[in-house]
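A.B. asks: I need the structure of the sequence given here:
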Amino acid sequence: MSTPAAIPCFSIDAIGFDPAGLVLPSRDLRKALRFVLPLPAFAGEELRYPERYPADMRRRDGSRHPLAAMPHPKAGQPLEDWRGRPIVGTDGSVPRGVVFFNYEDATFQGVGSGGEGIIIFNRPTPEQANELQRFVQGMGGPAALDSVARVRLVLERAQQIGLDDRYDSTCAYAARSLAVLADAATGIAGFGLHLRTKEMMCAVFVPGPARVGDLHLDTEGGVFLLVSGHRESREREVRTVSPGAFSETYTAPDGSRISAADLPLERPWVARAAASLGHASVGPV
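C.D. replies: Numbers count the residues shown, from 1 in each chain. Prediction:
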């Protein structure tokens with residue numbers, strides 16, 4: 001009797017983006033909207049993995065996820081960044097903020113509570129955005145979200161109205177890569193509906209199932225995007241989205257539709273094939 005093959009595990013640093021496809025954020029308002037929630041400075045909780053995965057964790061097709069309610073293998077340890085490195089200070093201290101779950105990527109996120117943290121909700125409808133904005137304003141606005149409990153109330157309300165694809169970021173990222181939607185401005189910096197700016201990114205498709213640090217790729221695989229990089233430090237910022245979300249929220253450089261199947265295929269756990277023709281080649285960043 002044959003045994004199932006082991007699921008490949010690798011570090012995100014193994015993704016070379018060479019070759020890579022060039023893509024742009026969609027300018028379609030129905031697909032490109034982001035709701036941004038800035039947080040004030042408050043004590044927060046240590047950003048560590050919880051004891052268990054959420055009981056309502058699910059696959060992208062809506063079925064129950066096999067990890068739902070299961071013990072987390074890194075329970076109690078500091079959250080890790082996108083490279084799989086523990087997020088700790090230079091003195092080894094664990095930063096503070098609010099830990100929450102991104103149901104789209106099936107990963108735990110941790111937003112900082114030092115006054116620079118934001119939570120971004122992906123692809124809200126105008127109705128969802130208006131409801132979440134009203135809810136936050138009813139609590140006294142973003143400045144009143146000054147405790148873990150109050151932030152979790154907003155996260156719970158967002159999930160109730162269908163906004164469970166959310167992730168942490170910073171005010172600096174919002175200032176660099178997001179623009180306020182003019183006719184929905186709230187008058188509060190970094191709060192409300194935004195659009196991504198028109199910045200070119202490199203993208204590759206990684207087949208699943210596989211595991212990239214704490215990220216579990218299902219059989220549909222995932223699209224990895226090189227958002228930015230620095231040649232001197234070799235530091236990179238990489239994001240991942242599901243193939244479905246990618247085709248909905250990104251386009252080819254000429255604005256035409258693009259899907260994960262159009263991207264170069266990368267299997268970081270095996271030697272990469274020679275660069276294929278017709279795609280951008282990305283050197284060290």
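A.B. asks: From here on, just use CA atoms for contacts and neighbour counts.
C.D. replies: OK.
A.B. asks: Can you tell me how far the nearest residue to A185 once chain neighbours are set aside is from G16?
C.D. replies: Nearest residue to A185 in three dimensions, chain neighbours excluded: G192, at 6.8 Å (Cα to Cα, 6 or more residues apart in numbering). G192 sits 35 Å away from G16, going by Cα to Cα, to the nearest Å.
A.B. asks: Compare these two (neighbour count), which wins?
C.D. replies: Neighbour count, other Cα atoms under 10 Å: between G192 and G16, G192 has more, with 23 against 19.
A.B. asks: residues near F205, how many?
C.D. replies: F205: 27 neighbours (other Cα under 10 Å).
A.B. asks: For L195, list each beta-bridge partner.
C.D. replies: According to DSSP bridges, the residues that bridge with L195 are L33, A179.
A.B. asks: if I pick it, what's in contact with it?
C.D. replies: Counting by Cα atoms under 8 Å, 6 or more residues apart in numbering, L195 touches 29, 32-34, 178-181.
A.B. asks: Over to V88?
C.D. replies: Here V88 is in contact with 78, 94-95 (criterion: Cα under 8 Å, 6+ apart).
A.B. asks: Which of the three states applies to the residue nearest the centre of the chain?
C.D. replies: Nearest to the mean C-alpha position of the chain, counting by Cα atoms, centre = their mean, stands Y167 at 5.0 Å. At Y167 the chain is in strand, as set by DSSP: H, G, I helix; E, B strand; the rest coil.
A.B. asks: So among the contacts of L195, where is pLDDT lowest?
C.D. replies: On pLDDT alone, L29 ranks lowest of the contacts of L195, at 67.
A.B. asks: Which residue ranges of the stretch 1-150 of the chain form helices?
C.D. replies: Residue ranges of the helices in the stretch 1-150 of the chain, as given by DSSP state H, counting those that start in this stretch, are 29-32, 126-138, 148-160.
A.B. asks: Which of these sits closest to G255?
C.D. replies: helix 29-32 (13.2 Å; Cα to Cα).
A.B. asks: In this protein, where is pLDDT below threshold?
C.D. replies: Scanning the chain for pLDDT under 70 picks out 1-5, 29-31, 182-184, 228-236, 270-285.
A.B. asks: all strands for the stretch 101-250 of the chain, in order.
C.D. replies: 107-112, 117-122, 166-170, 178-180, 192-196, 201-206, 210-212, 215-217, 222-229, 236-241, 250-251 (DSSP state E, counting those that start in this stretch).
A.B. asks: can you redo those as a markdown table with distance to R59?
C.D. replies: Below are the strands of the stretch 101-250 of the chain laid out as a markdown table (distance: least, Cα to Cα, whole Å):
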| stretch | distance to R59 |
| --- | --- |
| strand 107-112 | 12 |
| strand 117-122 | 17 |
| strand 166-170 | 16 |
| strand 178-180 | 29 |
| strand 192-196 | 27 |
| strand 201-206 | 18 |
| strand 210-212 | 15 |
| strand 215-217 | 10 |
| strand 222-229 | 13 |
| strand 236-241 | 14 |
| strand 250-251 | 22 |
